[in-house]
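model the following, please.
(chains A and B)
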Amino acid sequence: MFKQLEGKVALITGGSRGIGAAIAKRLASDGANVAITYAKGADAAASVLKEIEGAGGMAIAIQADAADADASNAAVEKTVAAFGRLDVLVNNVGTAIPKSFAETTLEELDRLIDVNVRGTLVATQAALKHMKNGGRIIMIGSSVGERVMVPGLVPYAATKGAVKMFTQGLSREVGSRGITVNNVQPGPIDTDLNPAAGDWAVPQKAATALDRYGHVEEVAALVAFVAGPEASYITGANLTVDGGTNA
Amino acid sequence: MKDPVVLITGALTGIGRATAFAFANEGVRVVASGRHDAEGHALVAELRKLGGEAEFLRADVRHEDDVRSLVDETVARFGRLDVAVNTAGTEGKPGPVTAQSAESYAATFDTNVLGTLLSMKHELRVMLAQGSGSIVNVSSTYGQTGGAGASVYAASKHAVEGLTKSAALEAAGSGVRVNVVAPGPIETGMLNRFTGTDERKAGLITTVPLKRVGAPEEIAQTIVFLSSDKASFITGASFAVDGGKTAQ
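Purely as a prediction, here's the structure:
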């Protein structure tokens, strides 16, 4: 059977767990050779690789903290060295530190900006050196990058707003190279970092129209669509998969 | 979903026609609707060659009686309605605000806004009762921005965005999703009528980051995605498929 990403290579940052792991598995099942980065979760990364390889796919894992520019650059180079090309970059790595803005420390602000914004910009710059016509840059932003419906995410929302405008600006710069740049914006998705059960989940669930958390596979399905040939005229777009949170 | 049924308004030309073929290629049962019998029957003959079931039902989305019977006949023929794609639209009479009239306003809004409203009203009547369904409307780049010479069209497409999001919020608790696709310049008769000359069309293309117009099939594929279970957590969303035109 024809697989829509056969012969393509995808790098997913933060691919050892949560949404990133689901994206890695999904793109691999669509035929891509996959590289994932992880900061600390070597065991989790190994289990993602095992699952992909068990299904007949090819994958590598690269240790790289997104706040470390040298490590981010090296991750791109290692991906190209391993698989010979780079077609899809998914800037999935991100962090949230839910608390009131007044109580957020300078160190926490730096961490949010370094991972969510600086890390995304650095990895993208490195990837663009290798991308050819048909390349895909895909951000994992957030529904709070456009509308903030829940408390406790002030600086996180600011970083995701930055990702949104980065997407839009970059799409204009690289469009003539045939490279698309899009921003997939999840709403509340059930992961270890943001579990659907618990006090913190109550306002997030209530803010969705569908009255539920999303599943990681539901984000991965949209990323797979944007990465594939059928999304060839979509660029500079902010695509929400948020259960109607921002409707 | 086994053997889903899709209803497409404005199916005889452009994006609607490409959407009909995209669904037929997926093996979906298609009801293609439009205002012209001869073109409609020719279309379904082509769709049936792909191996699936297809019907043409004549309807003018500006008239509620037509829309009501369109939906009722769809259900009578196939027993259900899983997906509705409301592509019926018109560019109206492009020109400056100072040249518009009550008539030019009505000619645009009756199809683009009233037509979408009436279509959703009757599609939702079936979908809410069956507890499932997906509606995809079609707006435009001009559903997000203004355009000199496109005031009434832009206003009508902003309205489609608002109708979509409101309907999504109303339907979310009943298992029905409602989304909108916002195409940029797409190779259709409407685009050629709107731009008028090759020079103006080329000028428009320079404003598109991908430096080309899109194909109707590129819109159809996004519509198929949004209507499918792959998009199960997507509702009330507007997906731009515009080569980056609104990324600014």
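
when you work out contacts or count neighbours from here on, use the C-alpha atoms and nothing else.
Noted.

where does pLDDT dip in chain B?
B:1-2 (pLDDT under 70).

and the strands in it?
Secondary structure of chain B, counting by DSSP state E: strands at B:5-9, B:29-34, B:54-58, B:83-86, B:133-138, B:176-183, B:238-241.

reformat these as a markdown table; add mean neighbour count and distance to chain A.
Formatted as a markdown table, these follow (neighbours: other Cα atoms under 10 Å in any protein chain shown; distance: least, Cα to the nearest Cα, whole Å):
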| stretch | mean neighbour count | distance to chain A |
| --- | --- | --- |
| strand B:5-9 | 27 | 20 |
| strand B:29-34 | 26 | 21 |
| strand B:54-58 | 23 | 24 |
| strand B:83-86 | 28 | 18 |
| strand B:133-138 | 27 | 13 |
| strand B:176-183 | 28 | 9 |
| strand B:238-241 | 26 | 5 |
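
count the residues that sit near residue 142.
Just going to use chain A. A:Ser142 has 27 neighbouring residues, counting by other Cα atoms under 10 Å in any protein chain shown.

actually chain B
Burial of B:Tyr142 is recorded as 21 neighbouring residues (other Cα under 10 Å).

again, but for A:Leu5
21.

and the most centrally placed residue in chain A, what does it touch?
In chain A, the residue lying closest to the centroid (Cα atoms, centre = their mean) is A:Asn92, at 1.9 Å. Neighbouring residues of A:Asn92 by Cα atoms under 8 Å, 6 or more residues apart in numbering or on different chains: A:Ile12, A:Thr13, A:Gly14, A:Gly15, A:Ile19, A:Gly20, A:Met139, A:Ile140.

now the two most distant members of these.
Across the contacts of A:Asn92, no pair lies farther apart than A:Gly15 and A:Met139, at 13.2 Å, counting by Cα to Cα.

and these two? Which one has more around it.
Remark: of A:Gly15 and A:Met139, A:Gly15 carries more neighbours, 31 against 25, as counted by other Cα under 10 Å.

any idea how far B:Gly92 is from B:Phe225?
To B:Gly92, B:Phe225 is 29 Å away according to Cα to Cα, to the nearest Å.

hmm, back to that, so which of the contacts of A:Asn92 belong to helices?
Applying DSSP state H to those, the entries found in helices are A:Ile19, A:Gly20.

show me where chain A has its helices.
Secondary structure of chain A (DSSP H): helices located at A:18-29, A:42-54, A:69-83, A:106-112, A:119-128, A:154-174, A:201-207, A:216-227.

now the strands of chain B in TSV, with distance to A:Asn33?
What follows is the strands of chain B, written out as TSV (distance: least, Cα to Cα, whole Å):
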stretch	distance to A:Asn33
strand B:5-9	35
strand B:29-34	36
strand B:54-58	39
strand B:83-86	34
strand B:133-138	33
strand B:176-183	31
strand B:238-241	27
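
any idea how far the residue nearest to A:Val148 when sequence neighbours are not counted lies from chain B?
The shortest distance from A:Val148 to any non-neighbouring residue, by Cα to Cα, 6 or more residues apart in numbering or on different chains, is to A:Ala157 (7.1 Å). Counting by Cα to the nearest Cα, to the nearest Å, the gap from A:Ala157 to chain B is 19 Å.

shaky segments in chain A?
Across chain A, residues meeting the criterion (pLDDT under 70) sit at A:1.

count of neighbours near the residue nearest to B:Lys230 when sequence neighbours are not counted?
Here the nearest residue to B:Lys230 in space, its sequence neighbours aside, is A:Ala221; by Cα to Cα, 6+ apart that works out to 5.9 Å. A:Ala221: 21 surrounding residues under other Cα under 10 Å.

tell me who's in contact with A:Ala221.
Taking Cα under 8 Å, 6+ apart, we find A:Ala221 in contact with A:Ile23, A:Arg26, B:Lys230, B:Ala231.

who's in contact with residue 35?
No chain specified, so I'll use chain A. The contact partners of A:Ala35, taken as Cα under 8 Å, 6+ apart, are A:Val9, A:Ala10, A:Leu11, A:Ile12, A:Ala24, A:Ala59, A:Ile60, A:Ala61, A:Ile62, A:Thr79.

you looked at the wrong chain, it should be chain B
Counting by Cα under 8 Å, 6+ apart, B:Arg35 makes contact with B:Arg58, B:Ala59, B:Asp60.
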